[in-house]
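>>> What shape does this take:
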Amino acid sequence: MTQKSLVQLGFIALSALAVYFFVSMARDADARGACTSVCLLGPAYANQNRSLPTFELPDLDGKRVSSAELRGRVTVLNFWTKTCRPCLEEMGSLDELAEIVQREGLAVDIVTINTDASADDAKTTLAAVLGRAPRFKTLVDPDAAVVFDKFGTRLYPETWLIDPAGVIRLRVDGAREWSNPIVLDVLRALGRPGGGCGITFDAGKAHGQHRGLCGGDDDR
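Presented below is the predicted three-dimensional model:
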């Protein structure tokens with residue numbers, strides 16, 4: 001092999017190595033960006049080891065909606081009742097989030113599940129809080145059979161973020177301002193293939209790669 005050929009091979013190898021490091025750094029930057037948003041959101045749970053349970057509930061018009069219909073898009077699933085004041089306080093921002101994702105063309109659905117006595121109860125409450133019909137879908141679970149038995153939820157409000165494959169990625173306990181850019185960053189990341197980052201949350205505590213971004217110990 002001539003010296004010229006060796007130089008050419010060396011140049012090709014260095015170019016390939018540069019591309020590899022560039023792609024790796026870009027992926028790491030994307031992961032860190034997604035992690036920072038997750039940290040700021042402050043979930044009680046974050047992982048990829050639980051799938052959306054199977055259920056079917058009526059919406060406010062009596063149409064039956066199954067959990068299978070929530071697949072294929074990112075879903076923000078919120079549990080509430082009219083006796084929960086924080087639930088009602090965050091309802092306006094959930095409605096704004098529904099408008100934002102629709103306006104921006106994001107593949108995200110905002111769905112709430114109400115555990116009051118009837119659809120009429122939920123309609124009356126939403127009309128009083130929002131001043132009109134909501135822009136998100138509301139399902140009714142008057143016996144709380146899905147909310148209690150399928151999800152294990154006892155305290156409201158509680159919100160679950162589910163990826164298009166039906167994997168529960170985050171659970172947020174308590175009220176949030178849902179129409180802020182942090183939430184949108186998390187939702188966009190969940191909509192991308194392999195979206196998310198190396199952080200998991202258990203009982204509100206961060207673990208895993210990049211957990212130092214959440215203000216804890218350095219990564220390990």
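>>> quick one: the helices in this structure?
Ranges of helices in the chain, per DSSP state H, are 3-41, 85-103, 119-130, 181-191.
>>> Which neighbouring elements make contact with the last one?
Identification of packing neighbours for helix 181-191 by 3 or more Cβ pairs under 8 Å, 6 or more residues apart in numbering; DSSP states H and E yields helix 3-41, strand 74-80, helix 85-103, strand 158-162. (C-beta placed from N, C-alpha, C; glycine too.)
>>> can you do 10 Å?
If contacts are counted by 3 or more Cβ pairs under 10 Å, 6 or more residues apart in numbering; DSSP states H and E, helix 181-191 sits against helix 3-41, strand 74-80, helix 85-103, strand 108-114, strand 158-162, strand 168-173.
>>> tell me the mean pLDDT over the fourth one?
Put plainly, it is strand 108-114. Averaged over strand 108-114, pLDDT sits at 98.
>>> got the angle for it vs helix 119-130?
On the basis of axes from the mean of the first three to the mean of the last three Cα atoms, to 10 degrees, strand 108-114 is oriented at 120 degrees to helix 119-130.
>>> can you check the second one too?
Computed by the same axes, to 10 degrees, the angle separating strand 74-80 from helix 119-130 equals 100 degrees.
>>> For strand 74-80, C-alpha coordinates in CSV please.
Taking C-alpha atoms only, strand 74-80 is exported to CSV below (Å, rounded to 0.1, in the frame of the first residue of the first chain):
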residue,chain,number,x,y,z
VAL,A,74,-48.5,10.9,23.7
THR,A,75,-51.2,11.0,26.3
VAL,A,76,-51.6,13.3,29.3
LEU,A,77,-54.0,11.4,31.6
ASN,A,78,-55.3,13.4,34.6
PHE,A,79,-57.5,12.2,37.5
TRP,A,80,-59.8,14.6,39.3
